[in-house]
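> Test case, fold it:
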Amino acid sequence: MNIDLSNRTALVTGATGQLGRVMARSLAKCGANVAVHYRSDEAGALRLQDEIRAFGVRSAIVKADITNPESVSAMKREIGERLGAVDIVVANAVVQYRWTSILEQSPEDYASQFDSCVMQSVYLAKAFAPDMIERKWGRFVGINTECAMQNFPNQSAYVAGKRGMDGIYRVLAKEIGEHGITVNQVAPGWTISDRDRENNTERSESYEQNVPLKRRGTDQEIANAVAFLASDLAGFITGAYIPVSGGNVMPAI
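Take a look at the predicted model:
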């Protein structure tokens with residue numbers, strides 16, 4: 001049984017990031033054409049575009065501010081002109097900021113997380129869902145986090161944004177499911193990426209000892225879950241929040 005995304009077009013927001021680049025490559029390996037979204041790293045986007053094209057699929061880079069509705073709409077038009085209609089949307093981009101306590105965190109940090117988690121999801125749905133509804137097929141995959149279940153100190157702005165995103169995705173799943181569109185979330189744990197491999201920081205005993213599988217996950221394992229949810233193999237899964245965290249968090253029934 002193979003994941004076959006041939007003749008599909010995917011958009012990955014934040015595609016030049018540590019996890020985004022692996023998601024983009026993995027979707028391409030499964031046969032999808034991939035739109036590589038970036039905000040400022042044009043050089044990284046161009047490198048990733050070349051890597052994706054080496055798999056024999058089409059790719060295009062698109063610059064956009066995912067917290068701005070006009071910019072998202074312009075991105076949609078550009079992708080349509082260069083790759084065609086988008087079938088798969090992976091919402092991976094998020095604004096980075098310094099984590100601290102609620103008493104010390106600036107209001108601007110909460111606003112940035114709301115904009116890049118909640119409003120990104122809204123703008124992407126408004127831009128891309130109508131075409132999916134017309135074609136009676138589509139996939140939204142949001143990248144959430146295990147932090148949304150942990151609620152640890154200093155996580156408040158990030159958790160607030162991602163829990164808001166969770167609400168949008170659950171409602172969206174109910175609103176557009178009748179059109180053959182699935183809406184799901186992948187929630188990574190603390191994941192090993194290229195940055196860790198370069199800095200030899202793959203291991204963290206204090207973190208791993210609380211993980212049932214006793215290790216950190218890898219960027220490829222996150223991308224595998226995304227590719228599965230984007231495929232026909234997951235055609236009857238929607239509204240799900242799926243931790244890929246080695247059991248570090250477990251949603252309860």
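
> quick one, longest helix in this structure?
helix 156-176 (DSSP state H).

> Can you give me the buried ones in it?
Neighbour-count burial for helix 156-176, counted by 16 or more other Cβ atoms under 10 Å, picks out 156-166, 168-170, 172-173, 176. Where you see a C-beta, it was placed from the backbone N, CA and C, and this is true even at glycine.

> can you tell me the average pLDDT over that helix?
Mean per-residue pLDDT for helix 156-176: 98.

> Show me what that helix is in contact with.
Helix 156-176 is contacted by residues 91, 94, 97, 99, 101-102, 105, 109-110, 112-114, 116-118, 121-122, 125, 129, 132-133, 138, 140, 142, 144-145, 147-148, 150-151, 182-185, 238-239, 241 when judged by Cβ atoms under 8 Å, 6 or more residues apart in numbering.

> Mind doing that once more with 6 Å?
102, 105, 109-110, 113-114, 117-118, 121, 125, 129, 142, 144-145, 147-148, 151, 183, 185, 238-239 (Cβ atoms under 6 Å, 6 or more residues apart in numbering).

> now do stretch 133-140
Outside stretch 133-140, the residues touching it (Cβ under 6 Å, 6+ apart) are 87-89, 132, 179-183, 230.

> how about 10 Å then?
5, 8, 10, 85-91, 121, 124-125, 128-132, 168-169, 172-173, 176, 178-185, 226, 229-232, 234-235, 238 (Cβ atoms under 10 Å, 6 or more residues apart in numbering).

> Same check on stretch 207-222?
17-23, 25-26, 92, 143, 146, 186-197, 201-205, 224-225, 243-250.

> Which of those fall within helices?
If you go by DSSP H, the contacts of stretch 207-222 have 20-23, 25-26, 194-197, 205, 224-225 in helices.

> What about these, which one has the most neighbours?
Among the ones in helices among the contacts of stretch 207-222, the one with the most neighbours (other Cβ atoms under 10 Å) is Met23, at 29 neighbours.
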